[in-house]
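In: quick one: sequence plus predicted model below, questions after.
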Amino acid sequence: DNSGILQKYPSPLSFTKDEHDLGTTYLQDLGFSHDDRLVCLNVRDSAYLDQYYPRKKSWDYHNFRDCDIANYEEAVMWLLDRGFWVFRMGKAVKSECPFQHPRLVDYATTKSRSDFLDMWLISRCSFCISNSTGLDSVATAFRKPLLLIDFLPLRDLRHSEVSIGVPKRLLWKKSGTYFSTQEYFEHPYR
């Protein structure tokens, strides 16, 4: 049993003082205070694959893994009501966030977005919400709690001592019934 082993050791990743100061200045310029808490929200859509891995054929066969940022409004507002800042992450996204709040930063659509800030923000977050993408590994490396929502296939569940996963809810067209756990494994959609 290796339960808790990652939490016994510090992250292998770190930032220089100049890098830390750069990230801190970015947050302060937004109005972020030293004691404020932030959550990183990464909602997968097709833009990343379309932009960074263009192909002759469409990535449409892969869109079952995509999610809609609009579906996260209630959860984001709940976090904002509790004083969190929420940073919508992503290197490429299809559209701007359709809802707004002074502590909601649609960081993925800003000119400030950078690979450095992607990693630095995750290193600073209280926890990360994602759909099973590459950024999840950054959260794990920095020992950040990870909430995986709407992810598929089921075997893509990232796990560490501080993660929880809730797969995308699938239903059968004919019957309208939701998949059982066994059916998720029988139809892995890889």
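Out: Structure's in. What do you need?
In: now residue 186: how far from residue 89?
Out: 33 Å (CB to CB, to the nearest Å). Where C-beta positions appear, they are placed from N, C-alpha and C, glycine not excepted.
In: and the two? Which one has more around it.
Out: Set residue 186 next to residue 89 and count neighbours by other CB atoms under 10 Å: residue 89 wins out with 26 against 9.
In: so what's the more buried one up against?
Out: Residues near residue 89 by CB atoms under 8 Å, 6 or more residues apart in numbering: 40-42, 107-108, 118, 121-122, 135.
In: closest one of these to residue 80?
Out: residue 41 (11.1 Å; CB to CB).
In: quick check: that closest one touching residue 73?
Out: No: between residue 41 and residue 73 there is no contact under CB atoms under 8 Å: 11.0 Å.
In: more neighbours, the two?
Out: Between residue 41 and residue 73, counted using other CB under 10 Å, the more crowded position is residue 41 (28 against 14).
In: what lies in contact with the lowest-mean-pLDDT helix or strand in the chain?
Out: Here the helix or strand of the chain ranked lowest by mean pLDDT, DSSP states H and E is helix 47-52, holding a mean of 70. Residues from elsewhere that reach helix 47-52, judged by CB under 8 Å, 6+ apart: 59, 62, 90-94, 133.
In: again, only this time at 7 Å
Out: 59, 62, 90-94 (CB atoms under 7 Å, 6 or more residues apart in numbering).
In: list phi and psi for residue 116.
Out: As for residue 116, its main-chain torsions (degrees, to the nearest 10) stand at phi -60, psi -50.
In: let's number from 715 now, not from 1
Out: Sounds good: first residue 715 from here, last item residue 830.
In: tell me the predicted confidence for it.
Out: pLDDT, residue 830: 97.
In: neighbours around the spatially closest residue to residue 886 that is not a sequence neighbour, how many?
Out: Using CB to CB, 6 or more residues apart in numbering and skipping residues adjacent in sequence, the residue nearest residue 886 is residue 893, 7.5 Å away. For residue 893, the neighbour count with other CB under 10 Å is 17.
In: same deal with residue 838?
Out: Residue 838 is flanked by 20 other residues according to other CB under 10 Å.
In: what's the burial count for residue 762?
Out: Neighbours of residue 762 (other CB under 10 Å): 19.
In: if we can go back for a sec, just the buried residues out of the contacts of helix 761-766, in ChimeraX syntax.
Out: Selecting only the buried entries of the contacts of helix 761-766 in ChimeraX, with 16 or more other CB atoms under 10 Å as the criterion:
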select :804,805,807
